[in-house]
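**Student:** all I have is the shape, not the residue letters:
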């Protein structure tokens with residue numbers, strides 16, 4: 001890729017740096033939970049519209065989802081980026097989604113500039129994806145074909161305490177459990193009751209024992225939602241919410257079956273009735289790493305002085321989950337982590353504070369420039385794109 005393309009990307013993002021900072025702070029200082037990001041969604045969609053993108057709001061039936069697309073005069077590679085903008089309950093933007101929001105915007109505008117100037121051909125689309133932390137909006141976008149109809153590759157960024165490319169994103173499926181028993185006086189006639197909390201505690205113990213017989217990369221964790229109303233009443237109802245996670249979606253399917261048996265056994269032992277409900281929007285998939293995209297991005301970041309740990313070290317770092325994984329199963333994708341200076345990890349108050357700093361903003365712009373350059377390489381070099389596709393096809397096997 002020639003210097004002209006790189007310089008165009010850098011200049012395009014530098015030209016809107018102050019505007020991006022304003023967008024970021026407005027989102028950061030007004031945190032909205034998943035599927036309720038009305039301010040953030042409108043803010044970003046309006047901004048993209050002002051920059052000459054064709055904006056569609058409320059796509060795939062999600063009120064706070066949007067797409068912003070620009071198509072050049074000549075056919076070519078279809079480049080996709082993602083923005084997220086939902087916050088976490090109690091800790092605001094403790095996962096830095098205000099930075100993810102502007103990173104996607106920056107990349108889309110830089111790519112549009114290249115198309116307008118005739119330096120690359122094709123189109124660019126920004127997917128505004130709500131509720132990553134809860135109902136996983138990208139799953140709906142994928143299930144309804146919105147992503148794969150409009151993009152050949154999809155890229156996004158995520159802030160973290162360190163730069164990374166190969167840290168695993170785990171497959172995840174959330175579920176709720178409810179046990180139904182029979183109330184009785186806990187002091188006078190407890191034998192007449194069927195204790196729903198006993199069932200839940202038995203299931204909890206079952207899960208604890210199951211962990212020893214599952215892969216060390218599997219995760220089963222949850223919390224009690226309802227555990228009775230009074231100590232002198234045998235509780236006739238108990239409920240809890242859980243996440244099941246595994247490194248691969250195939251492994252998750254097996255873990256889910258084993259988890260279900262833990263709850264079924266508890267119901268049988270206590271005489272309770274069980275209702276177990278997997279969340280209806282579906283499971284979050286693990287993220288397929290595209291080596292060609294990863295190494296291309298890495299090469300640009302290394303030119304900026306960024307250090308990455310060896311791949312084999314990164315792959316051993318415990319990972320979280322992201323609905324970007326579902327995108328990675330339908331088109332080639334990449335979601336690098338980029339470092340912001342923070343005294344705490346993601347999902348902490350310290351990280352939320354860090355996500356609003358000028359230093360985090362500059363780190364976001366640097367990473368966005370490198371991700372835009374990665375997209376430009378794919379758009380310019382057919383051999384690179386074919387290798388990206390080959391990596392994708394291989395990962396699916």
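**Tutor:** Nice, I can see it. From a predicted model like this one, the values you see are computed outputs, not experimental measurements.
**Student:** give the contact list for residue 123.
**Tutor:** 69-72, 76, 78-79, 115 (C-beta atoms under 8 Å, 6 or more residues apart in numbering). From N, CA and C alone the C-beta is placed, and that goes for glycine too.
**Student:** three-state assignment of it?
**Tutor:** strand (DSSP: H, G, I helix; E, B strand; the rest coil).
**Student:** just the pLDDT for it.
**Tutor:** The model reports residue 123 with a pLDDT of 99.
**Student:** how near is the residue of the chain positioned farthest from its centre to residue 361?
**Tutor:** Of all residues in the chain, residue 188 has its C-alpha farthest from the mean position, at 51.3 Å, by C-alpha atoms, centre = their mean. Going from residue 188 to residue 361 by C-beta to C-beta, to the nearest Å gives 65 Å.
**Student:** report the central residue of the protein.
**Tutor:** residue 322 (2.9 Å).
**Student:** list the buried ones in stretch 55-72?
**Tutor:** 55-57, 59-60, 62, 64-72 (16 or more other C-beta atoms under 10 Å).
**Student:** how near is residue 225 to residue 271?
**Tutor:** Residue 225 is 21 Å from residue 271, by C-beta to C-beta.
**Student:** got the phi/psi numbers for the residue nearest to residue 116 when sequence neighbours are not counted?
**Tutor:** In this structure, residue 116 finds its nearest non-sequential neighbour in residue 72, 7.3 Å apart by C-beta to C-beta, 6 or more residues apart in numbering. Backbone torsions for residue 72, taken as degrees, to the nearest 10, come to phi -80, psi 180.
**Student:** now do the contacts for residue 72.
**Tutor:** 115-116, 120-123.
**Student:** pLDDT score assigned to it?
**Tutor:** pLDDT, read off for residue 72, is 98.
**Student:** one more: residue 361?
**Tutor:** The model's pLDDT for residue 361 equals 99.
**Student:** neighbours of it, how many?
**Tutor:** 21 (other C-beta atoms under 10 Å).
**Student:** now name the helix or strand holding it.
**Tutor:** helix 358-380 (DSSP states H and E).
**Student:** and if you look at residue 263?
**Tutor:** Assigned by DSSP H and E, residue 263 falls in helix 249-270.
**Student:** can you list the neighbours in contact with that helix?
**Tutor:** Here helix 249-270 has contacts from 171-173, 175, 177, 179, 181, 194-196, 198-200, 202-203, 206-207, 210, 214-215, 217-218, 220, 242, 244-246, 272-274, 276, 278, 283, 285-286, using C-beta under 8 Å, 6+ apart.
**Student:** how about that helix, which residues are buried there?
**Tutor:** Applying 16+ other C-beta under 10 Å to helix 249-270 flags 249, 251-252, 255-256, 258-260, 262-263, 266-267, 270 as buried.
**Student:** ok, now stretch 322-332?
**Tutor:** Buried-residue list, stretch 322-332, by 16+ other C-beta under 10 Å: 322-332.
**Student:** now, among those, which is nearest to residue 16?
**Tutor:** residue 324 (24.2 Å; C-beta to C-beta).
**Student:** OK, contacts around the residue nearest to that closest one when sequence neighbours are not counted?
**Tutor:** The shortest distance from residue 324 to any non-neighbouring residue, by C-beta to C-beta, 6+ apart, is to residue 335 (4.8 Å). Residue 335 sits next to 155-158, 169, 287, 322, 324, 328 when contact means C-beta under 8 Å, 6+ apart.
**Student:** what segments of the stretch 151-300 of the chain are strands?
**Tutor:** Taking DSSP state E, counting those that start in this stretch as the criterion, the stretch 151-300 of the chain carries its strands at 153-155, 158-160, 171-180, 219-226, 237-246, 273-278.
**Student:** would you format those strands as JSON lines with distance to residue 350 and mean neighbour count included?
**Tutor:** As requested, those are arranged in JSON lines below (distance: least, C-beta to C-beta, whole Å; neighbours: other C-beta atoms under 10 Å):
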{"stretch": "strand 153-155", "distance to residue 350": "28", "mean neighbour count": "27"}
{"stretch": "strand 158-160", "distance to residue 350": "13", "mean neighbour count": "23"}
{"stretch": "strand 171-180", "distance to residue 350": "24", "mean neighbour count": "21"}
{"stretch": "strand 219-226", "distance to residue 350": "22", "mean neighbour count": "15"}
{"stretch": "strand 237-246", "distance to residue 350": "23", "mean neighbour count": "20"}
{"stretch": "strand 273-278", "distance to residue 350": "33", "mean neighbour count": "14"}
